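Chemist: the following block contains a protein sequence and its predicted model.
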Amino acid sequence: MEFAIGVDLGGSHTAAGAVTADGKIIQQAERDIISHEPNAVVDEIDLVVKQVLALAGEKDCIGIGIGSPGNIDDKTGTINWSPNFQWTDVPLKAMLEKRIKHPVHVLNDARCATLGEYLYGSGKGVAEFALITLGTGIGGGFISGGRLLLGSAMGAGEVGHHVIRPENGFICTCGKRGCFEAQASGTGLLRHALMLAPSFPRSTLLTRKPQDKWGSKMIRKAVAKGDEHAIATWRNWIADLALGVSNIIAFTNPAIIAIGGGVGQTDEKMLAEPLKKLVDELTVTVPKGITRIVTAQLGNDAGVIGAASVARLGGTRQLSKPLNGVVATPVKTKN
Ligand SMILES: [Zn+2]
């Protein structure tokens, strides 16, 4: 069965999957990323792709799509700049094509996830769609008129770095104060918890057992158990999330916003429902209640499935056209 390989490149590990035309992952593999030195990362991508090719059968592969962090030159597949890897001008596509005999295409990881959700998940058939991924940071992407928005230099969709709390917000990894990412990511949730800690000396978050890992999952569990510190943290965090989401609605007026990423996979009652209420209160410039807020459907596979669809389309240049129905026909061309 013919397939395209999608690779999701993260800071600490990389996942690859052989994906069929109907968006199913038929084989997959993962490898840890130990060093961020470009050659070391390319070694790991090369190995994970070869593992999947060995499992799925080399002859049926139509191409490789890589979802990478950073701003990427769509003509050359060079990573212009990636803060996660501290890379400047790394020719990822050219480096990989020296080792892998299939065509390689590179697109930003959050845009890949948006494409995956649009073609096969929560945005299927929705011409006005947005994805927000809540993890260590916040990523995103927009579909408008059935096309993935790329911007004039592949920079559209960087929703994490619009400022929502300029006066008293947390300092962001980008250096600004009060970015959406600093306030409303998984890391933002932990920061809200730490800020409120002095008011809750009997918090179960502060008296946790040493084996309980300090993280957003622990806070979500404590909210479900009724811990007051966790509930106050969640309330402040979701207020910031709502502020950013309402801005995004004003930017592109999507029919659906899907919340993805690790933190996005939270029970609808706890996340999507209170978020909808707050967003409605903050939505003033477009009709209220038009944008549906839903949980993304593909989970952690969105990036791999979306990256594979870039390969299936025959490269990022094809993204300038409306996409519905295009992926059914495999294209085997180089960028
Ligand atoms: Zn920022």
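Modeler: Nice, thanks for sending it over.
Chemist: neighbours around Gly289, how many?
Modeler: By the criterion of other CB atoms under 10 Å, Gly289 has 10 neighbours. C-beta here means a position set from N, CA and C on the backbone, and glycine is covered the same way.
Chemist: hang on, it packs against Asp280?
Modeler: Yes. With contacts counted by CB atoms under 8 Å, Gly289 reaches Asp280, the gap being 6.1 Å.
Chemist: what's across from Asp8 in the sheet?
Modeler: Ala15, Gly67 (DSSP bridges).
Chemist: might you report the residue contacts of it?
Modeler: Residues near Asp8 by CB atoms under 8 Å, 6 or more residues apart in numbering: Thr14, Ala15, Ala16, Gly67, Asp109, Cys112, Asn300, Gly303, Val304, Ala307.
Chemist: how close does the first one sit to Gln28?
Modeler: Translated: Thr14. According to CB to CB, to the nearest Å, Thr14 and Gln28 sit 11 Å apart.
Chemist: repeat that for the fifth one.
Modeler: Counting by CB to CB, the gap from Asp109 to Gln28 is 16 Å.
Chemist: show me which of these two is the more surrounded one.
Modeler: Asp109 (27 against 19).
Chemist: find the nearest non-adjacent residue to that one, please.
Modeler: Gly67 (3.9 Å; CB to CB, 6 or more residues apart in numbering).
Chemist: please report the distance of the one you found from Val304.
Modeler: Relative to Val304, and taking CB to CB, Gly67 is found at 8 Å.
Chemist: quick check: residues of the protein near the ion?
Modeler: With CB under 5 Å from the ion as the criterion, the chain meets the ion at residues His161, Cys172, Cys174, Lys176, Cys179.
Chemist: list buried residues within those.
Modeler: Neighbour counting with 16 or more other CB atoms under 10 Å marks His161, Cys172, Cys179 as buried within the residues of the chain next to the ion.
Chemist: residues contacting the first one?
Modeler: Residues in contact with His161 (CB under 8 Å, 6+ apart) are Cys172, Cys174, Lys176, Cys179, Phe180, Glu181.
Chemist: same check, this time on the second one
Modeler: Cys172 sits next to His161, Gly178, Cys179, Glu181, Ala182 when contact means CB under 8 Å, 6+ apart.
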